[in-house]
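A.B. asks: Return a 3D structure for these sequence lines:
(2 chains)
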Amino acid sequence: MRIRLNGKDVSLPDGMTLRDLVRHYDLDGEPVAIERNGQIVDRQAFEAEVIQEGDVIEMVRFVGGG
Amino acid sequence: MEPLVIAGRSFRSRLMVGTGKYESLEAMREALDASGAEIVTVAVRRVNLDARETSILSYIDLERYILLPNTAGCHTAEEAVRTARLARAAGLSNWVKLEVIADDGTLLPDPIATVEAAETLVKEGFVVLPYTTDDHVVARRLLEVGCAAVMPYGSAIGTGRGLEAVERIARIVDEIRGRVPVVVDAGIGAPSDAALAMETGADAVLVNTAIARAGDPVAMARAMRLAVEAGYLARRAGRIPKSSVPSPSSPEAGVVGRS
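C.D. replies: Below is the predicted model:
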């Protein structure tokens, strides 16, 4: 399936959950936050949220800043 | 020093530090340690999909520091609110350093959008520390909407020009102090600037570039720590008024050889 992730078109295996997406980018253990189609998804819900074709997802993390 | 209290939490340090612009994460960790800071700012950014990047959080001991995520780079209240919500959703902090920057290359805050975003975020339960101008009326508005601190600039972000209008900071201190902390954020270039901010009555100072880009960030972090403490003590000690009339420090009588 194709989705829009962080402003880019990305192809992912069908049936992936948000938890899988986090793992896919080696971010296990990292406190990432995800917004799916404009709605923030609670971290506890990552496991249950299955990504759908055409989803628009923002996945963010903390970086250095002032 | 008396503890700094923000939203009911006490801090021994009155120096907050940013985590941007360091040569390496190791250098950042050492500078944070030397600064004595307990509140450290971080930015919220999209995960880079093309490269695996080391987590900055591997270098920040969350037992020791409280994270203050910022909304840097946001040009509208909506962007800032969205970024703050994402920061909170990451699950580490409901504190936010609110920044809404006018999109004109000056990195100066948009005060109207900042007040608007602050009001929304306070209602949603965030502890909001807004970066703002040195205008006391804006500071008052931020206080009224429930911000946990007010953070006026000394000068523009990253310029290191110090306190360009110290009397304006003094006015904010008069207006706000004792209700929520006043934190001079942005523009600090040298420890003398940090000391002056504290002497002027600021409750704390936030520094990033001046430490991160110093020749020796660890030594500068320590210097900033001492300057903040010196300025704090000086404020409490009460400086002498400035006078246009000189007055000798030594007795005028008894100089040798005088008749």
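
A.B. asks: what about the strands in chain B?
C.D. replies: Assigned by DSSP state E, chain B shows strands spanning B:4-6, B:9-11, B:15-18, B:39-46, B:66-69, B:95-98, B:127-132, B:151-152, B:183-185, B:204-207.

A.B. asks: Within its sheet, name the partner strands of the fifth one and how each one runs.
C.D. replies: In other words, strand B:66-69. strand B:39-46 (parallel) (DSSP bridges).

A.B. asks: Contacts made by the partner strand with the rest, please.
C.D. replies: A:6-7, A:33, A:58-66, B:6, B:11, B:13, B:16-20, B:32, B:56, B:60, B:65-73, B:83, B:86-87, B:90, B:97, B:206, B:208 (C-beta atoms under 8 Å, 6 or more residues apart in numbering or on different chains). (C-beta placed from N, C-alpha, C; glycine too.)

A.B. asks: Same question for the lengthiest strand in chain A: list its buried residues.
C.D. replies: Looking across chain A with DSSP E, the single longest strand is strand A:56-64. Using 16 or more other C-beta atoms under 10 Å in any protein chain shown as the test for burial, strand A:56-64 gives A:57-64.

A.B. asks: and stretch B:9-16 with chain A, contact?
C.D. replies: No. Shown here: stretch B:9-16 not in contact with chain A (C-beta under 8 Å from any C-beta of the partner chain), separated by at least 9.8 Å.

A.B. asks: quick check: mean pLDDT across that stretch?
C.D. replies: Across stretch B:9-16, pLDDT averages out at 98.

A.B. asks: One more: stretch A:50-66?
C.D. replies: 97.

A.B. asks: Can you give me the end-to-end span of that stretch?
C.D. replies: Using C-alpha to C-alpha, to the nearest Å, the end-to-end distance of stretch A:50-66 comes to 35 Å.

A.B. asks: before we move on, what about stretch B:17-24?
C.D. replies: 16 Å.

A.B. asks: Now do the same contact list for B:Leu142.
C.D. replies: B:114-115, B:118, B:130, B:132, B:150.

A.B. asks: how does it look with 10 Å?
C.D. replies: B:98, B:111, B:114-115, B:118-119, B:122, B:128-130, B:132, B:148-152, B:176, B:180 (C-beta atoms under 10 Å, 6 or more residues apart in numbering or on different chains).

A.B. asks: Remind me what the longest strand of chain A packs against, helices and strands.
C.D. replies: When contacts are defined as 3 or more C-beta pairs under 10 Å, 6 or more residues apart in numbering or on different chains; DSSP states H and E, strand A:56-64 sits against strand A:2-5, helix A:18-24, strand A:33-36, strand B:39-46, strand B:66-69, helix B:77-89.
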